[in-house]
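**Student:** A predicted structure for the sequence below; I have some questions about it.
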Amino acid sequence: MGHNVDYMTFTNNSLPFRAAIGCLLLILIMTMYHFIDFYKHLEEKNIREEQLKKMVKEAELRALKAQLNPHFLFNSLNSISSLTISEPDSAREMLTQLSDFLRYSLRNNNESMLPLNEEIKNMRRYLEIEKVRFGDRLQCEFEIPLECYDINVPAMLLQPVYENAIKHGLYESVEPVCIRTYCQPRHDHLEISIINNYDPDSTPVKGEGVGLENVRNKLFLFYNRKDLLSITRENNHFEVKFILPVKQKP
Amino acid sequence: MNKTNFTALIIDDEPPARAVVRSFLQQHPQISVVGECGNGFEALKSIQENNPDILFLDVQMPKVSGLELLEVLDEVPVVVFSTAYDQYALKAFEMSAVDYLLKPYSQTRFNQAMEKVMAQLKKGQKTNAAELLKNHSAASNSLLQRVVVKTGNKMHVIPVNKIRYIEASEDYVMIYAENSRHLKAQTMRYFEEHLEPSQFVRIHRSYIVNVSFVERLEPYDKDTYVAIMTEGQRLKISRTGYKKLKETLNF
C-alpha cells in the first residue's frame, strides 16, 4: 500500500508541472496549426495572383490577336488597294484611319483608364473602316451626351462588343445592319448600350461568347464586380449594356 | 469551235473588292463582266441567267460561303477564288492544286491567274469542284452547322437542328427538314461523319435520324424495330443501327 501513497504524493506534487507541460504542448500545437494555415493561405494567395497575372497576360494577347484579326486587316488592305485605283484621296484617308486604329490599340493595351471620348473616337475609326468595306450594309448611330466625354473607362473595353456586332451581325447578314450606341450619365455610374440587329435565320458562327467573356474578365479586373455587363436578345436585336461605376474626382 | 471571248461574274460581299477585279480585268478585253453579286443567293440567280464562263468568287460571304455556293451548282465553270484569310479554304486549294488570289493582290498576280484561266478555258476544262469540296471538308474536319441546298431555282440554308432525317437516294440523299425536303448530291457517309454524333444516328443503311425528332420505337418483326418520327414516318432500324441508337440515347 505504501507504494501507492508514494505514487499519489508524486502525482499530486507533479500536478502543476504536468499542467504546465500540457499547456505548452497545446500552445505548440496551436502555433503549428496557425503556421500551417498561414502558409497554406500564402500559397493560395500566390497561386491566385499567379492566375490573375496569367489571365491579364492572356487577355492582352487575345486582345492583340483580335486587333490583328487577319480577316479584318487583309480585307481592309484590299479595300485600300481598290480605292487607290478609283479614289486615291479616300485611300489615303482610310490608310490613316487604319494606322491610327492599330496604333491606339497597340498603345493602350495595358490596364489604363481613358476618357470615354477617346474610346469612342477609336471605335468610330474602326466602324468607318468597316463602312468602306461594306458600304450601305453597315450603319452606325451614336448618341453620347457631352457630359459623358470625360468619364474614364478601361481602355479597349468596347472593341470586342463592336467586333461581335460586326462578326455576328454584319458578316452573317445579307440585309443592312445598324449598330447604335447610347450613353447615359447617372449619378454614380455611366450606362453604355450597344445594340445591333441581326439575321435570326443565320446559323451561329463559331467563337460566340469568347469576346464578351474577355470583356467580363476585364470588368472584373478593373472593378472587382461581375454584374456590370448585361446581354439581351430581343426581336432580332442584340444588346450589350454596361453599367460602369464612376470614380468621383476629388 | 474556238471561242475567244468569255464572260465573267464577280461575286464578293465587299464592293471595293469587286471594283478591284473589274479594274484589273481592263487589261483582259477578251473577258466581259456580265454582273456583280454581293452574296450567294444573287450569285446563283445570275449564274442561272447568264451562264458565265468564269467566276471570281470570294470564299467568305454572309449565310452561304463561296464554297457552299459551288455545292449547289449543277455545272461549275472556271473559278478564280479569292480570300483574305481562311486557313481551311487555303489548305483545300493547295490540296486540290486550285489557284487562288490572296487579298490584297497585284495586277501582276491577277494576270498570272488569268493566264491559267485562259489555258483552262481553251482546253474546255472546268474547276473540279467535287474534289475541292471533298478536300475542304477533310481540312476543316469540323461538324456541320448548316446545309445549303437548292430546290428548283432557289437556294435554301438549313440549320442542322432543323433536319429531321436523311434518306439515301441512289447517288443523292434526301434531306427532310421541318416543312420541306431537298435532294442533295452527297453521300450518307459524309453526313454520318459531319453531323453531331450525339444528335444524329445512322439507324439503317438508308437513314440518318435526328434523335430529337424520334417519337418512339416499335418492334417491326422478331428482333428489329422501326423508329416512329414526330410526324408519323416509320423508318426501319437495322440491328447495328439499334445498337448505336441504344448507345446514343442510353436506354
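**Tutor:** Happy to help now that I have it.
**Student:** how far is the longest helix that chain A contains from where the chain is centred?
**Tutor:** Ranked by residue count under DSSP state H, the longest helix found in chain A is helix A:15-67. A distance of 28 Å separates the centroid of the chain from that of helix A:15-67, by CA atoms, centre = their mean, to the nearest Å.
**Student:** So which elements touch it?
**Tutor:** Using 3 or more CB pairs under 8 Å, 6 or more residues apart in numbering or on different chains; DSSP states H and E as the contact test, the elements touching helix A:15-67 are helix A:88-107, helix A:159-164, helix A:210-223. For the C-beta atoms, the positions are set from N, CA and C on the backbone; glycine is no exception.
**Student:** what residues are up against the residue sitting nearest the centre point of chain A?
**Tutor:** Residue closest to the mean C-alpha point of chain A, counted by CA atoms, centre = their mean, is A:Lys218 at 2.0 Å. Residues touching A:Lys218, when contacts are defined by CB atoms under 8 Å, 6 or more residues apart in numbering or on different chains, comprise A:59, A:154, A:157.
**Student:** How is B:Val209 assigned, secondary-structure-wise?
**Tutor:** In three-state terms, and counting by DSSP: H, G, I helix; E, B strand; the rest coil, B:Val209 is strand.
**Student:** Can you tell me how far it is from chain A?
**Tutor:** With distances defined as CB to the nearest CB, to the nearest Å, the gap from B:Val209 to chain A amounts to 21 Å.
**Student:** now B:Cys37
**Tutor:** According to CB to the nearest CB, B:Cys37 stands 11 Å off from chain A.
**Student:** which ones are touching that residue?
**Tutor:** Contact analysis of B:Cys37 by CB under 8 Å, 6+ apart lists B:9-11, B:43, B:46.
**Student:** which parts of chain A sit against chain B?
**Tutor:** Contact residues of chain A with respect to chain B, defined by CB under 8 Å from any CB of the partner chain, are listed as A:70-71, A:73-75, A:77-83, A:85-86, A:132-135, A:137, A:170-174, A:199, A:201-205.
**Student:** Give me the buried entries from those residues.
**Tutor:** Neighbour-count burial (16 or more other CB atoms under 10 Å in any protein chain shown) is assigned, among those, to A:73-75, A:77-83, A:85, A:132-134, A:137, A:170-174, A:199, A:202-203.
**Student:** ok, back up a step: so among the contacts of A:Lys218, where is pLDDT lowest?
**Tutor:** Ranked by pLDDT, the contacts of A:Lys218 bottom out at A:Ala59, which has 70.
**Student:** how much space between A:Tyr126 and B:Asp13?
**Tutor:** When CB to CB, to the nearest Å is the yardstick, A:Tyr126 and B:Asp13 sit 18 Å from each other.
**Student:** make that B:Leu143, sorry
**Tutor:** Using CB to CB, one gets 25 Å for the distance from B:Leu143 to B:Asp13.
**Student:** Could you list the contact residues of the stretch 51-200 of chain B toward chain A?
**Tutor:** For the stretch 51-200 of chain B, the residues in contact with chain A under the definition CB under 8 Å from any CB are B:60, B:62-63, B:84-85, B:102-104, B:145-146, B:157, B:159.
**Student:** Identify the farthest-apart pair in those.
**Tutor:** Distance extremes for these: the farthest pair is B:Pro104 and B:Pro159 at 33.6 Å, using CB to CB.
**Student:** Between these two, point out the one with more neighbours.
**Tutor:** In this view B:Pro104 and B:Pro159 are compared by other CB atoms under 10 Å in any protein chain shown, and B:Pro104 has more residues nearby, 20 against 16.
**Student:** Which single one of the contacts of B:Cys37 is nearest to A:Asn164?
**Tutor:** Of all those, the one sitting nearest A:Asn164 is B:Ile11; the distance, using CB to CB, is 26.2 Å.
**Student:** Over to the closest residue to B:Leu102 other than its chain neighbours: give its phi and psi.
**Tutor:** When the adjacent residues along the chain are set aside, B:Leu102 lies closest to B:Thr83, with 6.8 Å between them (CB to CB, 6 or more residues apart in numbering or on different chains). Backbone dihedrals for B:Thr83, given as degrees, to the nearest 10, come out at phi -160, psi 150.
**Student:** What of A:Ser14?
**Tutor:** Dihedral angles of A:Ser14 (phi, psi; degrees, to the nearest 10) stand at phi -90, psi 0.
**Student:** Next one: it relative to chain B, how far apart?
**Tutor:** Spatial separation of A:Ser14 from chain B under the definition CB to the nearest CB is 70 Å.
**Student:** Neighbours of that residue, how many?
**Tutor:** A:Ser14 has 11 neighbouring residues, counting by other CB under 10 Å.
**Student:** any weak-confidence spans in the chain?
**Tutor:** All of this refers to chain A. In the predicted model, chain A carries pLDDT under 70 at residues A:1-3, A:60, A:62-67, A:109-111, A:204-209, A:248-250.
**Student:** wrong one, chain B
**Tutor:** Ranges of chain B meeting pLDDT under 70: B:1-2.
**Student:** and it, what are its domains?
**Tutor:** The record assigns chain B these domain ranges, following automatic domain parsing: B:6-139, B:143-249.
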